[in-house]
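Peer 1: I'll drop the sequence and a predicted model, then ask my questions.
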Amino acid sequence: MSSNAQYPRAASRRAVVIYSGGMDSFTVLHRAINEGFEVHALSFDYGQRHRRELEVAARVCSRLGIDHRVVDLRAIHGLIDASSLTDASKPLPKAAYAGDNMRSTVVPNRNMILLALAIGHAVNIEAPVCFYGAHGGDHAIYPDCRPEFVEKINAVAAIANYQPVEVVAPYLHADKTSILADGLAMGLDYAQTWTCYLGEAQACGECGSCRERLAAFAAHGLEDPLDYVDGVR
Ligand SMILES: [Zn+2]
């Protein structure tokens with residue numbers, strides 16, 4: 001266990017972790033636990049098509065014996081439903097993340113909304129740190145995963161409440177392959193994650209999220225333990 005001295009505002013060892021059930025936040029969750037934090041996990045139901053990830057998240061937290069809340073944001077779904085991730089009538093692009101059409105998967109202001117709630121919860125439970133899984137691979141498409149966003153949200157989280165909260169994105173400059181390397185080094189089992197945007201019984205292997213995940217496992221010469229539709233691997 002390392003100390004949390006790297007988080008200078010941390011007066012207690014409590015942390016909120018935004019945990020979707022996907023492999024990035026699964027790795028962040030375990031990293032926070034391994035760093036000695038008492039983790040309070042938050043998942044958000046914002047009407048995403050891939051609701052399976054919420055079930056996966058609940059199972060993992062239950063197994064770990066950590067506090068987990070699923071925040072129901074479906075009441076505001078109509079405000080942020082322009083994305084193909086949240087509108088089932090829109091086709092989900094089956095392309096690598098670099099494709100311009102992947103922009104349709106951007107949920108309006110998603111991380112700002114989720115972080116606002118997570119920071120509020122952190123203040124509520126006197127947690128000085130809030131983790132989320134922004135990473136380098138998302139920078140091209142998702143503005144709210146970029147370093148300048150994390151820097152600015154940190155500035156706001158420091159002054160928005162009497163208690164400052166530090167927003168930590170440990171993989172901000174890492175790609176999926178290095179996140180996976182870190183998780184494998186921690187002995188994590190990625191069968192306990194859900195990545196596919198379609199949220200069917202088996203992962204599709206074709207959406208941007210599946211492609212990125214499969215490429216990360218391939219880069220390590222490993223087979224992804226997740227169940228994919230026939231013929232993907
Ligand atoms: Zn998929």
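Peer 2: Structure's in. What do you need?

Peer 1: all contacts plus neighbour counts: C-alpha atoms, from now on.
Peer 2: Will do.

Peer 1: what secondary structure does the most centrally placed residue in the chain sit in?
Peer 2: The chain has residue 25 as the residue nearest its centroid, 3.9 Å off, counting by CA atoms, centre = their mean. For residue 25, the assignment made with DSSP: H, G, I helix; E, B strand; the rest coil gives helix.

Peer 1: ok, now how distant is it from residue 147?
Peer 2: For residue 25, the distance to residue 147 (CA to CA, to the nearest Å) stands at 17 Å.

Peer 1: and the pLDDT for residue 51?
Peer 2: pLDDT recorded at residue 51 is 83.

Peer 1: which non-adjacent residue is nearest it?
Peer 2: The shortest distance from residue 51 to any non-neighbouring residue, by CA to CA, 6 or more residues apart in numbering, is to residue 199 (6.2 Å).

Peer 1: pLDDT at that neighbour, what is it?
Peer 2: 78.

Peer 1: can you report how many residues lie near residue 124?
Peer 2: 10 (other CA atoms under 10 Å).

Peer 1: and the longest helix for this protein?
Peer 2: Using DSSP state H to assign secondary structure, the helix with the most residues in the chain is helix 110-124.

Peer 1: going by neighbour count, list what's buried in whichever helix or strand comes after it.
Peer 2: Helices and strands here follow DSSP states H and E; after helix 110-124, the next one along the chain is strand 129-131. The neighbour-count check on strand 129-131 (16 or more other CA atoms under 10 Å) flags 129, 130, 131 as buried.

Peer 1: including distance to residue 215, could those go into CSV?
Peer 2: Shown next, in CSV, are those (distance: CA to CA, whole Å):
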residue, distance to residue 215
129, 31
130, 29
131, 25
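
Peer 1: just checking, what packs against whichever strand or helix holds residue 55?
Peer 2: Secondary structure assigned from DSSP H and E places residue 55 in helix 52-64. Helices and strands touching helix 52-64, by 3 or more CA pairs under 8 Å, 6 or more residues apart in numbering; DSSP states H and E, are strand 38-45, strand 67-72.
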